[in-house]
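Peer 1: fold the following for me, if possible:
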Amino acid sequence: ASNPDYWWTLDLTLTLRTPGATMESVTVGCTGAWTAVSDSSWARPGISGQTGDGTLSIAFDANPHRTERTATISISCGGARIAVTAVQPGGFSDVQYAYGDGGATVTGSANPAGSLAIPSSIDGRPVVAISSFAFFGASGITSVSIPASVTNIGEKAFKFCTGLRELVFEPRSKPITISKAAFQGCSALGEVTLPAGVTYLYSSTFEDCDALYSVYIPEGVTAIGSCCFSKCHSLTTISIPSSAREIKSFAFFSCERLEAVSMGNVTSIGEKAFKNTTSLTSITLPSTLESLGKAAFFNSGLTSARVPGSVRSLGDYCYQKCSSLTQIALEDGLEEIGEGVEWKHDQAFEPLGLGIDTTLNSVGSHKLRSGPVAEDHMYNPLTIRLLQKAAREGSYETFKKYTAMVDNLEVPHTLRGLLDLKPAPNGG
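Peer 2: Have a look, this model is predicted:
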């Protein structure tokens with residue numbers, strides 16, 4: 001629009017290449033002042049009221065809909081006008097959303113499949129959350145990109161997205177909450193880099209992510225929630241940041257391929273946190289650790305263990321069924337040893353020569369004491385054997401031998417056996 005002395009209109013079409021957020025520019029030549037106005041909130045001209053030649057920048061939000069959309073930006077200079085029609089292609093799918101005080105919340109999609117790029121804004125409002133169950137069971141989703149504007153991912157938002165292979169968090173400066181079970185059961189997900197701003201990993205966040213082999217946990221995370229990485233069968237290494245204080249119960253339960261763990265400065269390891277980590281042969285517990293929960297390393301592959309002096313309580317069965325474990329070093333400071341640890345120690349060692357009976361105890365359901373202090377029971381190995389044989393062979397003679405032993409009044413076993421029966425005077 002270089003000559004304001006004439007009234008005319010020029011129509012231009014600007015075709016955008018992707019449905020994602022983008023910035024485009026239009027060169028304007030005008031000897032006077034010019035203005036730019038858009039008819040849609042998702043297409044926003046950068047400057048209005050400029051004088052002389054210049055470049056007009058236009059910002060476009062990501063398209064959350066499957067179908068393409070258009071916007072018209074009118075650039076006026078005197079009596080002349082340029083109408084720029086912007087055409088934006090359709091996005092991943094028809095994202096469903098709701099508005100709130102802080103912005104928009106993505107609530108789902110009518111047809112979720114392929115690559116999902118959560119928009120950073122919808123109709124000019126920032127997308128701040130993904131609701132609980134938003135994409136629950138959407139097995140057709142293969143990748144997800146989450147913008148920096150999102151500060152909350154609801155419970156089970158992507159649970160059982162079994163086709164999800166890639167999860168990307170855009171760099172952010174704001175905190176973000178990833179609620180419990182948000183990505184549970186995403187069995188094809190292989191690698192995750194959690195963003196700065198995460199402060200707590202809630203329960204079951206990545207439970208049953210069978211293909212997950214690598215996870216980056218940023219500084220700032222204070223706790224690994226219960227079952228957070230439970231049954232992640234491909235996970236091989238994990239580094240707990242120095243900011244973390246708690247590893248809660250079942251956090252790495254049945255991670256059979258887990259070989260290396262860096263503990264950071266944790267103070268508490270919960271019940272069965274590393275149970276069934278059969279590939280974990282060694283681990284260094286930090287000097288900040290104060291308690292080890294019940295069965296924390298039950299059935300792990302540890303070959304040796306050192307419990308630092310900072311630990312005050314060692315849970316029951318902490319190292320139970322660690323078949324490769326040959327040495328446990330307990331530093332000064334330990335105040336309480338769990339039942340299973342103490343019992344097994346006493347059964348294996350007699351370091352003070354106190355005459356502890358080292359005979360292996362029977363834990364069978366029909367155990368019977370033998371030897372000088374033998375016990376007599378109505379149901380004992382012999383009577384049970386006779387009963388089984390009589391039933392198996394259909395032998396009445398064998399059954400009579402069984403009943404004779406059970407009914408033996410010389411060695412009474414029942415209340416009736418302790419009584420003498422007196423017949424009635426009239427013989428009745």
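Peer 1: can you give me the buried ones in stretch 172-188?
Peer 2: For stretch 172-188, burial by neighbour count (16 or more other C-beta atoms under 10 Å) applies to 172, 176-188. C-betas here are computed from N, CA, C, even on glycine.
Peer 1: can I get those in CSV with secondary structure and distance to R257?
Peer 2: Shown next, in CSV, are the buried residues of stretch 172-188 (DSSP: H, G, I helix; E, B strand; the rest coil; distance: C-beta to C-beta, whole Å):
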residue, secondary structure, distance to R257
R172, coil, 31
I176, coil, 29
T177, strand, 29
I178, strand, 24
S179, coil, 27
K180, coil, 24
A181, coil, 22
A182, coil, 23
F183, coil, 19
Q184, coil, 19
G185, coil, 18
C186, coil, 18
S187, coil, 15
A188, coil, 17
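Peer 1: quick check: the two most widely separated of these?
Peer 2: Between any two of these, the greatest separation by C-beta to C-beta is 26.9 Å, found for R172 and S187.
Peer 1: let me know the secondary structure of T142.
Peer 2: strand (DSSP: H, G, I helix; E, B strand; the rest coil).
Peer 1: and for the one 3 residues further on?
Peer 2: Recorded secondary structure, S145: strand (three-state DSSP).
Peer 1: just give me the neighbour total for it.
Peer 2: Neighbour count of S145, defined by other C-beta atoms under 10 Å: 16.
Peer 1: in this structure it contacts L116, no?
Peer 2: Yes - counting by C-beta atoms under 8 Å, L116 is a contact partner of S145 at 7.1 Å.
Peer 1: contacting residues for G315?
Peer 2: Residues in contact with G315 (C-beta atoms under 8 Å, 6 or more residues apart in numbering) are E271, S291, L292, G293, K294, A295, A296, G338.
Peer 1: which is the next helix or strand following the lengthiest helix in the chain?
Peer 2: Ranked by residue count and defined by DSSP state H, the top helix of the chain is helix 381-393. Downstream of helix 381-393, the next assigned helix or strand under DSSP states H and E is helix 396-406.
Peer 1: what residues sit buried inside that next one?
Peer 2: The neighbour-count check on helix 396-406 (16+ other C-beta under 10 Å) flags T398, F399, K401, Y402, M405, V406 as buried.
Peer 1: wait, doesn't P147 sit right on L116?
Peer 2: No - using C-beta under 8 Å as the test, P147 is too far from L116 to be in contact (11.6 Å).
Peer 1: between the two, which one's more packed in?
Peer 2: Between P147 and L116, counted using other C-beta under 10 Å, the more crowded position is L116 (24 against 21).
Peer 1: report the secondary structure state of that one.
Peer 2: At L116 the chain is in strand, as set by three-state DSSP.
Peer 1: and it, what pLDDT?
Peer 2: Per-residue confidence (pLDDT) for L116: 88.
Peer 1: next: P64.
Peer 2: Turning to P64, the model gives it a pLDDT of 71.
Peer 1: in the sheet, who's paired with the closest residue in space to it that isn't next to it in sequence?
Peer 2: In space, and not counting its chain neighbours, P64 is closest to V95: 4.0 Å by C-beta to C-beta, 6 or more residues apart in numbering. V95 has the following beta-bridge partners by DSSP bridges: S109.
Peer 1: distance of Q96 relative to P112?
Peer 2: Counting by C-beta to C-beta, to the nearest Å, the separation of Q96 from P112 is 10 Å.
Peer 1: which of those two has more residues huddled nearby?
Peer 2: Each of Q96 and P112 has its neighbours counted (other C-beta under 10 Å); P112 has more, 20 against 14.
Peer 1: that one and F135 touch, don't they?
Peer 2: Yes - contact criterion C-beta under 8 Å: P112 and F135 qualify, at 5.7 Å.
Peer 1: which residues do these two both contact?
Peer 2: With C-beta under 8 Å, 6+ apart as the test, P112 and F135 both reach I141.
Peer 1: the helix or strand containing S25 packs against which elements?
Peer 2: Assigned by DSSP H and E, S25 belongs to strand 22-28. Contact here means 3 or more C-beta pairs under 8 Å, 6 or more residues apart in numbering; DSSP states H and E; on that basis strand 22-28 packs against strand 8-15, strand 54-60, strand 69-77, strand 80-88.
Peer 1: dump these to JSON lines, plus distance to Y379 and mean pLDDT.
Peer 2: Below are those laid out as JSON lines (distance: least, C-beta to C-beta, whole Å; pLDDT from 0 to 100):
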{"stretch": "strand 8-15", "distance to Y379": "89", "mean pLDDT": "68"}
{"stretch": "strand 54-60", "distance to Y379": "84", "mean pLDDT": "81"}
{"stretch": "strand 69-77", "distance to Y379": "82", "mean pLDDT": "85"}
{"stretch": "strand 80-88", "distance to Y379": "83", "mean pLDDT": "81"}
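Peer 1: poorly predicted segments of the stretch 201-350 of the chain, please.
Peer 2: Along the stretch 201-350 of the chain, the model assigns pLDDT under 70 to residues 339-350.
Peer 1: which pair of the contacts of G315 spans the longest distance?
Peer 2: Longest distance between any two of those is 13.3 Å, between S291 and A295; criterion C-beta to C-beta.
Peer 1: between these two, point out the one with more neighbours.
Peer 2: Taking other C-beta under 10 Å, S291 and A295 do not tie; A295 has more neighbours (25 against 16).
Peer 1: list the residues that contact the more buried one.
Peer 2: With C-beta under 8 Å, 6+ apart, A295 has these contacts: E271, K272, K275, G315, D316, Y317, C318, Q320, G340.
Peer 1: isn't there a helix covering it?
Peer 2: No - A295 is assigned coil when assessed by three-state DSSP, not a helix.
Peer 1: next, give phi and psi for it.
Peer 2: phi 60, psi 30 (degrees, to the nearest 10).
Peer 1: A36 reaches C77, doesn't it?
Peer 2: No - A36 is beyond contact range of C77, at 10.0 Å (criterion: C-beta under 8 Å).
Peer 1: quick one on the thing from earlier: give me the contacts around the strand holding S25.
Peer 2: Applying C-beta under 8 Å, 6+ apart, the contact partners of strand 22-28 are 1, 12, 14, 16, 34, 50, 53-60, 73, 75, 77, 82, 84, 86.
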